[in-house]
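Asks: starting from these lines, generate the structure:
(one chain, ligands or ions: 1)
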Amino acid sequence: MGRMSRSELNAEIARLKTRIAELENDIAELDKDSGSAGRETETETETELGLEEYIRYGRQMLVPEIGKPGQLALKKTKVLVVGAGGLGCPALTYLAGAGFGTIGMVDEDTVSLSNLPRQTVYSGSSIGMLKVDAAVEVLRSRNENVKYVCYPVAVRHDNVFDIVRQYDIVLDCTDTAMTRYLLGDATRLLGKPLISASALRTEAQIVVLNVGPDGPCYRCLFPKPPQHVDACSDAGIIGPVVAVAGTVQALEAMKVALGQIPTGQQRTMTLFSGIHGPTWRSVRIRGWQRSCIVCGDRATVSEWDITSGKYDYSEFCGIPDGYPDINSSHSISVKELERRIKSPHVLLDVRDRTQYGICNLPGSINVPLSELLGYDHPAALCSIADRVKAEAVPVFVICRFGNDSRTAVQLLRSSHRIGRVFDVTGGLDMWTEHVDSSFPRY
Ligand SMILES: Nc1ncnc2c1ncn2[C@@H]1O[C@H](COP(=O)(O)OP(=O)(O)OP(=O)(O)O)[C@@H](O)[C@H]1O
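Replies: Predicted coordinates:
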């Protein structure tokens, strides 16, 4: 096999990370099953409800639109929530409560203090944790009948199809134009209903896409990205407003699973205004567009165009930096390291012990990459993970030239579940070059 290009390697890394997440979830499921072994179990297959489920879901089963057939339909449905933030938290809470069979959740972000007012699944003790890990802990405690699958990654062009393909319904709970188009295109091409929502300041909107013969896809509805979209972090957002939108997303997902989206609703968008009233409006939207480049008569964008990176979402959305990228958003320069080590942090050096013995940065901790790759979690790593969780401090990972540290960062995020972890680009070699020329080069 020839040498792979950087983008091919990135695609391979993204694919492997997704696969690792799936395998870890399978292990968690096995652990859960063996943990409950010996307990009196009812017949809880997809075609029947156990006694506990009758009690748990009884109130909603009394609603004529649901009943027992509806409850069983929910149990058979696999739903994916992309983004576990302001929209995702209420959506996840109600999807889990409703008894969907499988809930997948995708987010690479960690919980921060500024998330707590809106992202109600998390608490102070979640700060610094990966959102998907913090969320699954809470959701599992609320309803352990659901199978939860966590993906601690961002959806990108090279993993979106692998993930979305495994689900029946997708909720877009993210906050960037690029992800909205990417998810819109992938769900349309895979024929999956998409429930999209957004909220800003006091207003929110929710729309169900890719349903019915005349129902539009995201791109039919918005063929061009907006010139400028305010982010919540700049323009502001009120917790209850975004919670309304996320909650309606969960409701719409239930309706899709139950086959109860009324024909007229396939071409409407729901608007909520929290300040004027509050008021609800249902406005008519464009239907399927013949000219759509993804699902129109002469569509020009295919799954292959997207996964191979031939179709450029950054260019389309006019965003130079692309997605939150595993190889950029988790990296810092040596200059930035110099600034950031003045605040509480963990500096992890992943060179082997001999090299570490030759020279090292004061205060650093040595856990060689070979040990991180091993089956057992090194004790030092466990204490780092505890500290990160307790004090919400970032972890900076360094090596000699910046290669092993990059691998370590991916591993720490995907396997060891440490969230705020950053690779120091160029490693100690760059440190000598740009920060401290007296630090030995060997
Ligand atoms: N491509 C993506 N894949 C998966 N999750 C994504 C993607 N893009 C954004 N997200 C996630 O969607 C969520 C959006 O949540 P929200 O709009 O509440 O923003 P936030 O980043 O949590 O908070 P704030 O904007 O206030 O800093 C975030 O958790 C973010 O990490």
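Asks: doesn't residue 120 make contact with residue 111?
Replies: No - in this structure, residue 111 is not within contact of residue 120 by CB atoms under 8 Å, at 11.6 Å. Every residue, glycine included, has its C-beta placed from N, CA and C.
Asks: higher neighbour count, these two?
Replies: Just comparing residue 111 and residue 120: by other CB atoms under 10 Å the higher neighbour count belongs to residue 111, 28 against 16.
Asks: quick one, phi psi at the more buried one?
Replies: Dihedral pair for residue 111: phi -80, psi 130, per degrees, to the nearest 10.
Asks: can you give me the buried ones in stretch 371-389?
Replies: 371-372, 381, 384-385, 388-389 (16 or more other CB atoms under 10 Å).
Asks: could you point out which element follows the least confident helix or strand in the chain by mean pLDDT?
Replies: Least confident helix or strand of the chain, by mean pLDDT, DSSP states H and E, is helix 232-235 with a mean of 59. Scanning forward in sequence from helix 232-235 by DSSP states H and E, the next helix or strand is helix 239-257.
Asks: chain center to the helix or strand that that following helix is followed by, what's the gap?
Replies: Remark: after helix 239-257, the chain's next helix or strand is strand 268-273, criterion DSSP H and E. Averaging C-alpha positions (CA atoms, centre = their mean, to the nearest Å) puts strand 268-273 25 Å from its chain's average.
Asks: isn't residue 168 up against residue 77?
Replies: Yes - using CB under 8 Å, residue 168 is in contact with residue 77, at 5.1 Å.
Asks: overlap in contacts of the two?
Replies: Residues touching both residue 168 and residue 77 by CB atoms under 8 Å, 6 or more residues apart in numbering: residue 257.
Asks: of the two, who's got more company?
Replies: Applying other CB under 10 Å to residue 168 and residue 77 shows that residue 77 carries more neighbours, namely 23 against 17.
Asks: residues touching that one, list them.
Replies: Neighbours of residue 77 in contact, by CB under 8 Å, 6+ apart: 100-102, 168-169, 257.
Asks: pLDDT score assigned to the residue nearest to it when sequence neighbours are not counted?
Replies: With sequence-adjacent residues excluded and distances taken as CB to CB, 6 or more residues apart in numbering, residue 77 is closest to residue 257, at 4.2 Å. pLDDT for residue 257: 97.
Asks: same check on the one 10 residues further on?
Replies: Model confidence at residue 267, given as pLDDT, is 87.
Asks: how about residue 324?
Replies: 43.
Asks: quick check on residue 104: phi, psi?
Replies: According to degrees, to the nearest 10, residue 104 has phi -100, psi 140.
Asks: hang on, I meant residue 336
Replies: According to degrees, to the nearest 10, residue 336 has phi -70, psi -40.
Asks: that one and residue 317, how far apart?
Replies: As judged by CB to CB, to the nearest Å, residue 336 and residue 317 stand 27 Å apart.
Asks: who has more neighbours, those two?
Replies: residue 317 (20 against 14).
Asks: any idea how far the more buried one lies from residue 182?
Replies: 10 Å.
Asks: for the ligand, what is the nearest residue in the chain?
Replies: residue 85 (1.9 Å; CB to the nearest ligand atom).
Asks: residues contacting that residue?
Replies: 107, 109, 115, 118-119, 131, 173-175.
Asks: go again with 7 Å.
Replies: Neighbouring residues of residue 85 by CB atoms under 7 Å, 6 or more residues apart in numbering: 115, 119, 173, 175.
Asks: can you list these in a markdown table and add neighbour count and pLDDT?
Replies: Formatted as a markdown table, these follow (neighbours: other CB atoms under 10 Å; pLDDT from 0 to 100):
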| residue | neighbour count | pLDDT |
| --- | --- | --- |
| 115 | 21 | 92 |
| 119 | 26 | 96 |
| 173 | 30 | 97 |
| 175 | 21 | 89 |
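Asks: show me the two of the residues you listed that sit farthest apart.
Replies: 115 and 173 (13.1 Å; CB to CB).
Asks: just the contacts of residue 85 that are near the ligand?
Replies: 115, 175 (CB under 6 Å from any ligand atom).
Asks: ok, so of the contacts of residue 85, who is nearest residue 196?
Replies: residue 173 (8.9 Å).
Asks: the closest one and residue 191: what is the separation?
Replies: Distance from residue 173 to residue 191, by CB to CB: 21 Å.
Asks: residue 135 now?
Replies: Relative to residue 191, and taking CB to CB, residue 135 is found at 27 Å.
Asks: these two: which is more packed in?
Replies: residue 135 (28 against 8).
Asks: where's that one, which helix or strand?
Replies: Counting by DSSP H and E, residue 135 is part of helix 131-142.
Asks: now do that helix: which elements does it pack against?
Replies: helix 88-98, strand 147-151 (3 or more CB pairs under 7 Å, 6 or more residues apart in numbering; DSSP states H and E).
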